[in-house]
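> sequence unknown, structure follows:
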């Protein structure tokens, strides 16, 4: 039996680079499109070196026109290619919104299954890097709400590699959200294909018995800190990394909540209409008789994403996550005064 190929430590960004390299190498129909992805290697240098290795017909620098780039990807996919589009920053995706939700999400259904669109759209998302307006947003809920799209997000280098490889190989269109403030996080990465990984399944990061905490993307790291801090106070948290935002793996969350009786959901996006709202509603329907407290959401606030100088107050941090844990445990918390 062949042994696994280990790379040692890779950053999350470089694990994505390697996933792109392997996909380009394994399938000549895979092509990359995006602004500054070729000569510059991308603003985060994720595609650095791929132009030299695969040439300008497969690593394509595009104009600054997201709607046009995604439109070209649709045409390529209809001709049998597997385009991978990079949206340079999360806030730049809106000009392509119509192409994604009105065309990509619907063509397979509209054509009665005769047209497949194996398009992967990479989106660096979230805050924490001190960027200006339009460079730090969390638009994932728009796309998770849209039937016909798969939406995934990786929190660590290994998942980033595996999930991107599976996304590119999928015949379904995938929105691949990359937590930009975790690009430099390092981890061991196995570059052999993982046949056992299902990118639609959530991952139990750490088992627990008192509270279920659900996170994705950059906040999985923050949630790990909350697990450790709560353990010092004798509270056992079961942490779940969603990985797939659409479809949601509600079965894994339900199994955990039936054990713990309490649920905390966290994400950087605003609270109203977010992924957390869907999880809270669905798990309440499934687990009403097992819940000891109402699910708690710890999220960004319902305002436009703030300037970089004050984004630390917008992003959920360790203290706010622990406050959410206190809420579901019935301990004194930030809402105690007005809830009493």
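Cool, the structure landed. Source: prediction; values computed, not measured. Numbers count the residues shown, from 1 in each chain.

> From now on I want contacts and neighbour counts done on CA atoms only, so please keep to that.
Will do.

> Direction included, what does the strand ranked longest in the chain pair against?
If you go by DSSP state E, the chain has its longest strand at strand 263-270. Strand pairing for strand 263-270, determined by DSSP bridges: strand 211-215 (parallel), strand 296-300 (parallel).

> Show me what the first one is in contact with.
I take that to be strand 211-215. With contact meaning Cα atoms under 8 Å, 6 or more residues apart in numbering, strand 211-215 is reached by 223, 235-242, 253, 256-257, 260-267, 325, 328.

> Pull out the buried residues from those residues.
Using 16 or more other Cα atoms under 10 Å as the burial test, the contacts of strand 211-215 include 223, 235-242, 253, 256-257, 260-267, 325, 328 as buried.

> Give the helix, strand or coil label for residue 172.
Three-state call for residue 172 (DSSP: H, G, I helix; E, B strand; the rest coil): coil.

> from memory it sits against residue 118, does it?
Yes - using Cα atoms under 8 Å, residue 172 is in contact with residue 118, at 5.1 Å.

> quick one: the helices in the chain?
Counting by DSSP state H, the segments of the chain that form helices are 12-26, 50-54, 66-78, 97-98, 107-110, 140-144, 157-169, 219-232, 250-260, 275-287, 311-314, 318-329, 336-339.

> From residue 311, how far out is residue 52?
38 Å (Cα to Cα, to the nearest Å).

> who has more neighbours, these two?
Set residue 52 next to residue 311 and count neighbours by other Cα atoms under 10 Å: residue 311 wins out with 18 against 11.

> looking at the sheet around the residue nearest the centre of the chain, what are its partners?
What sits nearest the mean C-alpha location of the chain, by Cα atoms, centre = their mean, is residue 153, with 1.9 Å. Here residue 153 sits in beta bridges with residue 177, going by DSSP bridges.

> And the pLDDT for it?
Predicted confidence (pLDDT) for residue 153: 97.

> how about residue 242, what does it touch?
Listed by Cα under 8 Å, 6+ apart, the contact partners of residue 242 are 201-203, 214-216, 248-249.

> at 6 Å instead, please
Taking Cα atoms under 6 Å, 6 or more residues apart in numbering, we find residue 242 in contact with 202, 216.

> and it, how far is that from residue 319?
Distance, residue 242 to residue 319, using Cα to Cα: 22 Å.

> What of residue 122?
Residue 122 sits 31 Å away from residue 319, going by Cα to Cα.

> out of these two, which sits in the busier spot?
Between residue 122 and residue 319, residue 122 has the larger neighbour count (other Cα under 10 Å), namely 23 against 12.

> in terms of contact, does that one touch residue 89 like I think?
No - Residue 122 lies out of contact with residue 89 (Cα atoms under 6 Å); the separation is 9.5 Å.

> and residue 111, how many neighbours does it have?
Quick note: residue 111 (other Cα under 10 Å) scores 10 neighbours.

> One more: the one 4 residues further on?
Neighbourhood size, residue 115 [other Cα under 10 Å]: 17.

> ok, now the one 10 residues further on?
Applying the criterion other Cα under 10 Å, we find 28 residues in the vicinity of residue 125.

> Looking at stretch 78-93 now, give me its mean pLDDT.
Mean pLDDT, computed over stretch 78-93, is 96.

> Quick one: end-to-end distance for that stretch.
Taking Cα to Cα, stretch 78-93 runs 21 Å from one end to the other.

> circling back to that earlier point, and the angle from the longest strand of the chain to helix 250-260?
Relative orientation of strand 263-270 with respect to helix 250-260: 130 degrees, computed using axes from the mean of the first three to the mean of the last three Cα atoms, to 10 degrees.

> Need the contact partners of strand 263-270.
So strand 263-270 is contacted by 138, 211-215, 276, 295-302, 315 (Cα under 6 Å, 6+ apart).

> Try it again at 8 Å.
Residues outside strand 263-270 that contact it (Cα under 8 Å, 6+ apart): 126-127, 137-139, 211-216, 219, 257, 275-276, 279-280, 294-303, 315-316, 321, 324-325, 328.
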